[in-house]
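Participant: Predicted structure and sequence below. I'll ask about it afterward.
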Amino acid sequence: MHTTVLAGDMAVAPLGLLIMPIVSASIASTACCYVGVYVVLRRIVFVSAALAQLGAAGVGLGLMLNINPVVTCYAFILLGMLFVPLIQRERRVSRESVLGAMYAIAASLAMIFVAKSPAEEHLMESTLFGELLYATKDVALRLGIVTIITLAIHLVLFKPLLLSSFDPEFATTLGIRTQLFDSVFYIALAILIGECIRAVGALLTFSYLVLPPVTALLLTDRLKIAFVISISCGLVANIAGVIISFHYDLPSSPTVAACTLLPLVAIAPLAICLRLSKARHHIKSIQQPKKQT
Amino acid sequence: MNSNIATSKPLVTVKGIWLGYGRNVVLKDVEFDVHHGDFIGLVGPNGAGKTTLLKALLGMLRPIRGSIIWHTKKDEVRFGYVPQRELLDELYPLSAIDIVLMSLIQANKPWRRYTTDDIEIAHWALEQAGIADIAIKPYRLLSGGQRQRLLVARALAAKPNVLVLDEPTNGLDLPTEHGVMELIARLHHEHSITIIFATHLLNVVINYANRIGIVHDGRVRMGTASEMLSQEKLREAYGIETGIATVDGRKFVFVKASK
């Protein structure tokens, strides 16, 4: 899964070594930050967190039992996906509680499986937290294929996917099969999460799915612009995160994950000023006709 | 109100249907016809089963028993559906026109791009609903009345011949409620749209509907407005003594004070 490049070698390695990590992170973030806008809008942030942890637990089990971690990763994610519709139907316990429990169990299992795994220590850590600096061409290629498929599905089915999540009842009256489109959305999300976990870790995958989309949705009232801002925030975080982690010898995925917060911190004051100015303008436009009368 | 409506061929016949979710039966033995040009008011308390009945008419819920028979070809019935606006999430960064355009998504070609004709239809629908000036305004910044008009505009963009509205005046102040009701009445008269209107307030629809269905205790009692607006029928439906008054040509129902 990873090349055996030691952290000590990285400090003296040429900057060219950073290209593949940045490329891999950028591919992963492009898909995650796009789909993440839906994750936030559909209020299923906890679903993505739980699925990401389940994927990590799957990889851990694969390493522990010395079987292909890809198989166990997807098996765990798909198992978790089967629970999602059941959770939505359950009325006695809130959805957040069940997903919270699912997240806690998955995170515990991931750590137990990895702790009992005969694999090398850095491999175990990269399973849980990811290690972008070890990204290879193969990783980037796999991510690229999954990203192209995910974005193609979302762009071609943009309208029914949006309507099925915004107003499923109305979509049904138009003859749109909302359950089918929901299934397409969740399967695409599961495959994306599974692939990203293996490349960049559960933590960074989850960060991509939440922080850039939240930043985008705070900044704009236009959905298409929200997608562009979200992807841009992810790309900025990748470049900043990989360079910082390389320069200060920090673990790469957690550093990039922390950097996904940077655009929000940098742009939030500007956004607040813009909104205040808009509000003042709105109040003035309401008051002006009154003065004239 | 057109007196010929009841004698015309029905658009749909609801024949002894039972409706519910899983083992929970919400409505039993529901029977009525809907005719072209009807304005039907479905009235009942929250949770009585009005939305359930609307869902069955829209084909979203299959009856446990009985059948809903449409007397026209399937593609001749074009529904316009106005859901309860509380169900829509204002988190979505969508403008008014984005929401109206949703009506023009084709189930068999969902990837189709919006044409200039589609955009013109959306603007026409907004104009019909009296909110042409808010086309690019974000949904979350709209008032309750504007949101309701927007949902009516979205339903209109589909050029419906049956408009199904679920509690469209819920939570609106008196002038806004009146404005929305007048809009629906105008659409009913000018475009000959059949209206099926669910509300928990009888007084909202009694001056507009030609037929009223009272949804109560798992039953639907349907009749013409004059039939249903009798003290006897209202006592039968609600189990309380009511009075009916007419002020300035407009009727309203009130609960009589207990002696």
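Facilitator: Yes, it's here.
Participant: which other helices and strands contact the helix or strand in which B:R186 is found?
Facilitator: Assigning secondary structure by DSSP states H and E places B:R186 in helix B:174-190. Secondary-structure packing of helix B:174-190 (3 or more CB pairs under 8 Å, 6 or more residues apart in numbering or on different chains; DSSP states H and E): helix B:144-157, strand B:162-166, strand B:194-199. All C-beta atoms are positioned from the backbone trio N, CA, C, and that covers glycine.
Participant: Just put those in CSV and tack on mean neighbour count.
Facilitator: Converted to CSV, the helices and strands packed on helix B:174-190 look like this (neighbours: other CB atoms under 10 Å in any protein chain shown):
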stretch, mean neighbour count
helix B:144-157, 25
strand B:162-166, 23
strand B:194-199, 25
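Participant: Of all residues in the stretch 51-200 of chain B, which one is closest to chain A?
Facilitator: With CB to the nearest CB, the shortest gap between the stretch 51-200 of chain B and chain A falls at B:A107, namely 3.4 Å.
Participant: measure that residue to B:D75 for me?
Facilitator: The spacing between B:A107 and B:D75, counted by CB to CB, to the nearest Å, is 12 Å.
Participant: So those two - more neighbours on which side?
Facilitator: Using other CB atoms under 10 Å in any protein chain shown, the more surrounded residue of B:A107 and B:D75 is B:A107, with 13 against 6.
Participant: Put together TSV for the helices and strands packed on helix B:174-190, with mean pLDDT and distance to chain A on each row.
Facilitator: Rendered in TSV, the data for the helices and strands packed on helix B:174-190 read as follows (pLDDT from 0 to 100; distance: least, CB to the nearest CB, whole Å):
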stretch	mean pLDDT	distance to chain A
helix B:144-157	91	8
strand B:162-166	93	8
strand B:194-199	93	13
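Participant: Looking at the ones you listed, spot the one closest to B:L87.
Facilitator: With CB to CB as the measure, strand B:162-166 is the member of the helices and strands packed on helix B:174-190 nearest B:L87 (8.8 Å).
Participant: Pull up the pairing partners for that closest one, direction included.
Facilitator: Strand B:162-166 has the following strand partners under DSSP bridges: strand B:79-82 (parallel), strand B:194-199 (parallel).
Participant: for the stretch 1-150 of chain B, what spans make up the strands?
Facilitator: In the stretch 1-150 of chain B, strands defined by DSSP state E, counting those that start in this stretch lie at B:10-21, B:24-35, B:39-43, B:65-70, B:79-82, listed in chain order.
Participant: Using the three-state scheme, assign the residue of chain A found nearest chain B.
Facilitator: Distances between chain A and chain B by CB to the nearest CB are smallest at A:G175, namely 3.4 Å. Judged by DSSP: H, G, I helix; E, B strand; the rest coil, the three-state class of A:G175 is coil.
Participant: does it really touch B:A107, like I thought?
Facilitator: Yes - using CB atoms under 8 Å, A:G175 is in contact with B:A107, at 3.4 Å.
Participant: okay, the helices and strands packed on helix B:174-190 in a markdown table with distance to A:V265 next?
Facilitator: Listed next are those as a markdown table, based on distance: least, CB to CB, whole Å:
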| stretch | distance to A:V265 |
| --- | --- |
| helix B:144-157 | 33 |
| strand B:162-166 | 43 |
| strand B:194-199 | 48 |
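Participant: domain assignment for chain B?
Facilitator: Domains of chain B are assigned by automatic domain parsing as B:1-77+B:161-259, B:87-159.
Participant: Quick check: residues of chain A near chain B?
Facilitator: Residues of chain A lying close to chain B by CB under 8 Å from any CB of the partner chain are A:40-41, A:43, A:156-160, A:162-163, A:166-167, A:169-177, A:217, A:220-223, A:225-226.
Participant: So which of the residues you listed belong to helices?
Facilitator: Among those, the ones falling in helices (DSSP state H) are A:40-41, A:156, A:158-160, A:162-163, A:166, A:169-173, A:217, A:223, A:225-226.
Participant: of the residues you listed, buried ones?
Facilitator: The neighbour-count test (16 or more other CB atoms under 10 Å in any protein chain shown) marks A:40-41, A:158-160, A:162-163, A:166, A:169-173, A:217, A:223, A:226 as buried among these.
Participant: Pull the most distant pair out of those residues.
Facilitator: A:T173 and A:L217 (27.5 Å).
Participant: Out of the domains of chain B, which one sits most buried?
Facilitator: Burial of those is given as mean neighbour count (mean count of other CB atoms under 10 Å in any protein chain shown); domain B:87-159 ranks first at a mean of 19.
Participant: Any idea which of the domains of chain B has the lowest pLDDT on average?
Facilitator: Per-segment mean pLDDT for the domains of chain B reaches its minimum on domain B:1-77+B:161-259, at a mean of 86.
Participant: still on that earlier bit, what angle sits between the helix holding B:R186 and helix B:144-157?
Facilitator: Angle, helix B:174-190 to helix B:144-157, by axes from the mean of the first three to the mean of the last three CA atoms, to 10 degrees: 10 degrees.
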